[in-house]
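> structure of the sequence below:
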Amino acid sequence: MAEKRSGFARLTAEVALGHVGIVLGLEVSRLARNNADWYRLLDLCGLTDTLIADADGIYHRGAYGNVGYG
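Sure thing, here's the model as predicted:
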């Protein structure tokens, strides 16, 4: 599904390449249209030490227990 959404596909590619330090959004779980895309992005963020942040806090997927900082 991400293939049809060029912005989301580019985001995941840039995260996978390690070019992104943090993914920001008002509600980051809404970035993906389905669970498979969302969990793929989460896994990539964990592998590349990319932070994820939204109005609820900042999360480091690679940290033990999915640590939130906010």
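> which residues touch the helix or strand that contains residue 12?
Here residue 12 sits within helix 6-16, counting by DSSP states H and E. With contact meaning Cβ atoms under 8 Å, 6 or more residues apart in numbering, helix 6-16 is reached by 2-3, 20, 23, 31-33, 37, 40-41, 44-45, 47-48, 50. Quick note: C-beta positions are derived from backbone N, CA and C, even for glycine.
> mind running it again at 10 Å?
1-3, 5, 19-21, 23, 31-33, 37, 40-45, 47-48, 50, 52 (Cβ atoms under 10 Å, 6 or more residues apart in numbering).
> just give me the neighbour total for residue 22.
12 (other Cβ atoms under 10 Å).
> quick one: buried residues of the helix holding residue 12?
8, 11-12, 15-16 (16 or more other Cβ atoms under 10 Å).
> in the chain, what helix or strand scores lowest on average pLDDT?
Ranked by mean pLDDT, DSSP states H and E, the weakest helix or strand in the chain is strand 67-68, scoring a mean of 54.
> what segments of the chain are strands?
22-24, 51-54, 57-60, 67-68 (DSSP state E).
> lowest average confidence across the ones you listed, which one?
Sorting the strands of the chain by mean pLDDT places strand 67-68 lowest, at a mean of 54.
> you'd agree residue 60 is up against residue 51?
Yes - under the criterion of Cβ atoms under 10 Å, residue 60 makes contact with residue 51 at 5.7 Å.
> give me the low-pLDDT residue ranges for the protein?
1-4, 64-70 (pLDDT under 70).
> hmm, 90 instead?
Counting by pLDDT under 90, the chain has low-confidence residues at 1-7, 25-39, 55-57, 60-70.
> show me which helix runs longest in it.
helix 35-47 (DSSP state H).
> and that helix, what's buried?
Within helix 35-47, judged by 16+ other Cβ under 10 Å, the buried ones are 37, 40-42, 44-46.
> what's the most distant pair in those?
37 and 46 (15.2 Å; Cβ to Cβ).
> hmm, back to that, can you say which of the strands of the chain is packed in most?
The highest mean neighbour count among the strands of the chain, using mean count of other Cβ atoms under 10 Å, belongs to strand 51-54: a mean of 18.
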